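**Q** Sequence first, then the predicted structure, then my questions.
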Amino acid sequence: MSLIVVQNLSKTYETEGVKTPVLHEVTFEIKKGEFISIMGPSGSGKSTLMQILGMLDRPTEGTYLLEGKNITQYSDDEMAKIRNKKIGFVFQSFNLLPRTSVYENTELPLLYDEDHLEMNNEKKITKALAAVDMSHRTNYLSNQLSGGEKQRVAIARALVNNPEVIFADEPTGNLDSKSGLAVMRILQQLNDVGHTVILVTHETYTARHAKRILNMLDGRIVSDELVKDRLIADGEGELLK
């Protein structure tokens, strides 16, 4: 069974009676353990699609199944609970709390989990920070970190609940090339150990780190292809696989 099934998904925004269609009958599937890039220029609808897949927004029409469940039929509260347990987000702007420690920023998703056991939090946080090589910065404040370190903490925060899928929205957009490469290496390593990763980007270079690319234009998927000559971030540069 596919992890994600999207059928005829459409989205139209309406402001003061003016309707603006953004997505048009989008259909695709994503299997558990895939690494996919959703690529397209500004205004193509890729960020809107990610927001719907991440349950931050709802479609106007169509069906979205996550693990076989029709998410579009859930209440906002039900969607929030599923989002916290099943989905991790990494954003271009990091979205860390300023003047708050690395540990506390990583812990945030656990605090919103009604079923969490507080005695297990430290183990989960330690494991997540170790996965992104940030154990040595546990007690640092977020405003003491470099851009690349902030993004690593954002990835740790996305990981701490062991989500089914990680969404990364332009995760290298605010980083220099070396830091961006380190972030892509982490995302590839997470995928290698079983996490499903969905990367949203407008850059072909970044998209080629994934295994499959969905190309969007004007709210539609215009191609869906496996990546040839995939880029592998090895820590020193790029390798073709």
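**A** In hand now; what should we look at?
**Q** Can you tell me how far the residue nearest in space to the middle of the chain is from K19?
**A** Centroid-nearest residue in the chain: F167, 1.0 Å away (criterion: C-alpha atoms, centre = their mean). Distance of F167 to K19, given as C-beta to C-beta, to the nearest Å: 27 Å. No exception for glycine: its C-beta is placed from N, CA and C like everyone else's.
**Q** Report the next helix or strand after the longest helix along the chain in sequence order.
**A** Identified as the longest helix of the chain according to DSSP state H is helix 177-192. Beyond helix 177-192 on the C-terminal side, the first helix or strand identified by DSSP states H and E is strand 196-201.
**Q** Let me see the residues that make contact with the next helix or strand after that following strand.
**A** Using DSSP H and E, the helix or strand that follows strand 196-201 in sequence is helix 204-207. The contact list for helix 204-207, computed with C-beta atoms under 8 Å, 6 or more residues apart in numbering, reads S37, M39, T172, G180, M184, L199, T201, I213, V227, L231.
**Q** So which bits of helix 204-207 are buried?
**A** Judged by neighbour count (16 or more other C-beta atoms under 10 Å), helix 204-207 contains these buried residues: T206, A207.
**Q** Show me where the chain has its strands.
**A** Listed in chain order, the strands of the chain (DSSP state E) span 4-15, 18-30, 35-39, 61-66, 69-70, 87-91, 165-169, 196-201, 212-217, 220-226, 231-233, 238-240.
**Q** Least confident of those strands, on average?
**A** Of all these, the minimum mean pLDDT falls on strand 238-240 (a mean of 64).
**Q** Wait, S179 touches S146, no?
**A** Yes - using C-beta atoms under 8 Å, S179 is in contact with S146, at 7.1 Å.
**Q** Neighbour count for those two, which is higher?
**A** S179 (18 against 12; other C-beta atoms under 10 Å).
**Q** what's the neighbour count on the residue nearest to the more buried one when sequence neighbours are not counted?
**A** Sequence neighbours aside, G148 is the residue nearest to S179 in space, at 2.9 Å (criterion: C-beta to C-beta, 6 or more residues apart in numbering). Neighbourhood size, G148 [other C-beta under 10 Å]: 17.
**Q** If anything else comes up later, I'll come back, but that's it for now.
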